[in-house]
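S.K.: how would this look folded up:
(chains A and B)
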There are 2 protein chains.
Amino acid sequence: MNSPHMSLEEFRQHGHAAVDWICEYLRTIETRPVRSTVAPGEIRASLPASAPEHAEDFSACLRDFENIILPGITHWQSPNFFAYFPCNGSPPAILGELLSAGLGVQGMLWQTSPACTELETHVLDWLVDLLGLPAFFKSDSTGGGVIQDTASSSALCAILAARERATAGRTNRSGIDRRLIAYTSEQAHSSIEKGLRVAGIGSDQLRLMPVDERCAIGADALAEAMARDRRAGAVPFFVCATIGTTAANGIDPIRRVGELTQRYGAWLHVDAAMCGTAMLCPEFRIHNDGVDLADSWCFNPHKWMFTSFDCDCLWVRRRADLIGALSILPDYLRNAATESGAVIDYRDWQIPLGRRFRALKLWFVLRCYGAAGLRQLVREHVRLARLFADLVRADERFELALDPPLNLVCFRRRGEDAINQRLIDKLNAGGKIYLSHALIHGRFALRMSIGGTWCEERHVHQAWRFISETEP
Amino acid sequence: MNSPHMSLEEFRQHGHAAVDWICEYLRTIETRPVRSTVAPGEIRASLPASAPEHAEDFSACLRDFENIILPGITHWQSPNFFAYFPCNGSPPAILGELLSAGLGVQGMLWQTSPACTELETHVLDWLVDLLGLPAFFKSDSTGGGVIQDTASSSALCAILAARERATAGRTNRSGIDRRLIAYTSEQAHSSIEKGLRVAGIGSDQLRLMPVDERCAIGADALAEAMARDRRAGAVPFFVCATIGTTAANGIDPIRRVGELTQRYGAWLHVDAAMCGTAMLCPEFRIHNDGVDLADSWCFNPHKWMFTSFDCDCLWVRRRADLIGALSILPDYLRNAATESGAVIDYRDWQIPLGRRFRALKLWFVLRCYGAAGLRQLVREHVRLARLFADLVRADERFELALDPPLNLVCFRRRGEDAINQRLIDKLNAGGKIYLSHALIHGRFALRMSIGGTWCEERHVHQAWRFISETEP
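M.R.: Here you go, the predicted structure:
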């Protein structure tokens, strides 16, 4: 019987070719149109209607990857990509993904690959120090960190831990039995509302608080809402504060929010998905003041810390809250290590059971950049955002929608929303840059999100030239 | 300012070295002790207490990967790994992960990389044909497929879609307001109970039905339970049937279960995580009889179809049910393509917002093996399981715990549970093979799970020799 497997020698050759392809892709990425302009269905129309009956050579796959798939790719790694938030890879992270796939371990339990669990715990302890987070988040204290796929999943886990804490574990057993109320700002990420829906609590139980002129949550309004709900017999159980909202990079006052969650016994979750990385630099930690009041805190190395998607780091103050909410131990997973209590089983820290070895890429990034290299890049991106904001300020046809706190600049042409909608459509159609939009205080703004792995000063100048020379 | 980035030329060299490392690893993997024998904390003790301040060369990382991490790895890709279920990689899947990391796209919306979405839709349509699934699961009908990380997440999505269908979307808005009851067998995966907890419904609302001698759900007991709950005013809203339970590879009678879900208007979810791959072969589709009654069906290419973790495929009969339960559209994600209704936005088909390009590895696997190559491997693994079962039957000291329907053989030494516990401990301590256990009809059994990418007849003979020669 012929082996249907690719031989290891073939794998070696194709692997080298794939690595070379990535080198060439990254070398030339900035010359490509950033955003794919294919029409719906265009990619599928180039693919055969059914799967091949017989094996094909990988070189045919690589050819189709280049000819069919690539035209349908929007180049997130391009230094001209300024849309949404960055979703950064980097050479060490890619190597981490490669070796992780090569090992192919499944780390649901400590026992199923001790290094997969221990490296994750260790690197997340490192990050507590690097980011200046409270020591209670460390694994040798009451807390601990875990890698989730996204901040959405972290928010859901935090909501579930908060729900079970507020109901003494009754909801897991018998379902929702009290009126639980959650709070966040009207500019918070949609994952908070989604998480409340998933958790069976419902959107109606989420209070979206108004924001102030800097797009931060209004703490007075929050205080009033929590008091009102408590008086009405409901349970204020969860507040999400954001460090770097999606629309505008708004930064909520963590300390003031935390004082309220303490007063009401509610859970404080801090969603620092975008701007948590800035805490590598002591000068930006002012934005994290009050973190000592948080029950959970997450940030995305896959956004601004050059660690390929998916990699969100979640810390909890008391791991018992998280494990209590998420642990189920069927007989077929029982083992001596788990029963000894001496190990972490990360399946109890997340929604899925299985998990891949994601700590590897994070470890490689931390080592290949070093803390100093990461700080250098973060400071450079913040400098570039300020530089871009100065260019906007210096052109009287334009205005800032608000002062950029860190690496996101929201701006617009003075005038109607329609002008700005036309402007962004023209800019994005050209393929030279890619921006996205936001509504800020009800008005349309263009978002210039700076933080891509390969973004340098010349890309920001180039972008501004193109923006300022484009007639809407 | 010095660039803190690894240069592309360095990346090329390290990338080649990493590919070579994987070749050598896979070439020699069967000579390694399958299961890591490190003690809790041993890996961490070899790692520095804090992250490096300055950048290190990647070659240092690769060295530590080899010297520190590898001893803590349990080798899931070893042909001597027979524990749990397989979690298979393969050369084309590894290449898919590599190129996916190289592109670094984030496919939350069609617009954010059309090819990422369209290839996924396309390959999942291919699989509907390859697996002999009903046409309504295809994207040109009412349904469609999506890649989830794990079957746990698929189960949760199915539960949420069922919950919203049963409550006309009210739960998402205002929380649980009715007594919803779910059903599955007592041998179903723990993710069903976990999903009900997450969804705010609670464990008490899950009926774990007894199984028959073949470890399949008892349909009569299920019929009675559903009738009783309906009479009591509760809403039977969700049933999970399993094709290949974790403990014993039990296969529920999908058609009989489906007739009940139809009668009560409940959602039928089929968890074929393990054995769905067998549906590639027409002769095994008898185990899927009744799938035309399913509302959702999932299987894990990362188990038996050689597609590196994470890759679970979920199909739904009516995509509107899933999207209705999971969609949230904040302003910052609005775009013309989404509003046209002509595209799929997979963020609405899953819990997280972001997603990586996982269809690539699945496409490469389907092409590099071809349907014929995949069927050949599945048939070979089933043949090896039968061969192993024959070896057990031929040795009077042993007995089968039940006849193996496909690729999992549950067996034991005749005698006490304690003897078998000693036997498995001895076997696993040696490092030659790795098995896990199950309780079947209340008695301890060893599980010989056959289906690893590199498992051949000689590994099965070798395992049996070792098992039969080991005195408990």
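S.K.: ok, and what's touching stretch A:378-393?
M.R.: Under the contact criterion C-beta atoms under 8 Å, 6 or more residues apart in numbering or on different chains, stretch A:378-393 has outside partners A:277-278, A:280-281, A:284, A:304, A:398-400, A:403-404, A:406-409, A:411, A:448, A:450-451, A:455, A:457, A:460, A:463-464, A:468, B:1. Quick note: C-beta positions are derived from backbone N, CA and C, even for glycine.
S.K.: is it fair to say A:R214 lies in a helix?
M.R.: No. Secondary structure of A:R214, determined by DSSP: H, G, I helix; E, B strand; the rest coil: coil, with no helix assignment.
S.K.: residue contacts, it?
M.R.: A:G250, A:I251, A:L402, A:D403, A:P405.
S.K.: re the thing from before, out of the contacts of stretch A:378-393, which are inside helices?
M.R.: Judged by DSSP state H, the subset of those located in helices is A:W304, A:E457, A:V460, A:A463, A:W464, A:S468.
S.K.: Can you report how many residues lie near the nearest residue to the third one once chain neighbours are set aside?
M.R.: Closest residue to A:V460 apart from its sequence neighbours, by C-beta to C-beta, 6 or more residues apart in numbering or on different chains: A:L384 at 4.9 Å. By the other C-beta atoms under 10 Å in any protein chain shown criterion, the neighbourhood of A:L384 contains 21 residues.
S.K.: Same check on A:E66?
M.R.: Number of residues near A:E66 (other C-beta under 10 Å) recorded here: 12.
S.K.: Can you report how many residues neighbour the spatially closest residue to A:W454 that is not a sequence neighbour?
M.R.: Sequence neighbours aside, A:P79 is the residue nearest to A:W454 in space, at 4.3 Å (criterion: C-beta to C-beta, 6+ apart). When neighbours are defined as other C-beta under 10 Å, A:P79 has 21 of them.
S.K.: Same question for A:E339.
M.R.: A:E339 has 10 neighbouring residues, counting by other C-beta under 10 Å.
S.K.: which SSE is it in?
M.R.: Here A:E339 is covered by helix A:336-340, with elements defined by DSSP states H and E.
S.K.: In the helix or strand immediately after that helix in the chain, which residues are buried?
M.R.: Helices and strands here follow DSSP H and E; after helix A:336-340, the next one along the chain is helix A:359-393. With burial defined by 16 or more other C-beta atoms under 10 Å in any protein chain shown, the residues of helix A:359-393 counted as buried are A:359-371, A:373-378, A:380-382, A:384-386, A:388-389, A:391-392.
S.K.: Could you list the buried residues of the helix holding A:E339?
M.R.: Here helix A:336-340 shows A:A337, A:T338 as buried, counting by 16+ other C-beta under 10 Å.
S.K.: likewise stretch A:224-238?
M.R.: A:A225, A:M226, A:D229, A:R230, A:V235, A:P236, A:F237, A:F238.
S.K.: If we ignore the residues flanking it in sequence, what's nearest the residue of the stretch 201-350 of chain A found nearest chain B?
M.R.: Per C-beta to the nearest C-beta, the residue of the stretch 201-350 of chain A with the smallest distance to chain B is A:G202, at 3.7 Å. Using C-beta to C-beta, 6+ apart and skipping residues adjacent in sequence, the residue nearest A:G202 is B:G175, 3.7 Å away.
S.K.: Can you list the low-confidence ranges for the stretch 1-150 of chain A?
M.R.: Low-confidence segments of the stretch 1-150 of chain A (pLDDT under 70): A:1.
S.K.: contacting residues around A:A188?
M.R.: Contact criterion C-beta under 8 Å, 6+ apart gives A:L208, A:C240, A:T242, A:T245, A:D271 as the residues in contact with A:A188.
S.K.: and if you look at A:E66?
M.R.: Residues in contact with A:E66, defined by C-beta under 8 Å, 6+ apart, are A:W21.
S.K.: ok, now with 10 Å
M.R.: By C-beta atoms under 10 Å, 6 or more residues apart in numbering or on different chains, the contact set of A:E66 is A:W21, A:Y25.
S.K.: And A:P40, by the same measure?
M.R.: Contacts of A:P40 by C-beta under 10 Å, 6+ apart are B:W110, B:Q111, B:P114, B:T117, B:E118, B:A337, B:S340, B:G341, B:A342, B:V343, B:I344.
S.K.: run the last query once more with 6 Å
M.R.: Counting by C-beta atoms under 6 Å, 6 or more residues apart in numbering or on different chains, A:P40 touches B:A342, B:V343.
S.K.: Let's verify it: helix, strand, or coil?
M.R.: coil.
S.K.: Give me the phi and psi for it.
M.R.: Main-chain dihedrals, A:P40, degrees, to the nearest 10: phi -50, psi 130.
S.K.: That's all I had, so thanks and see you.
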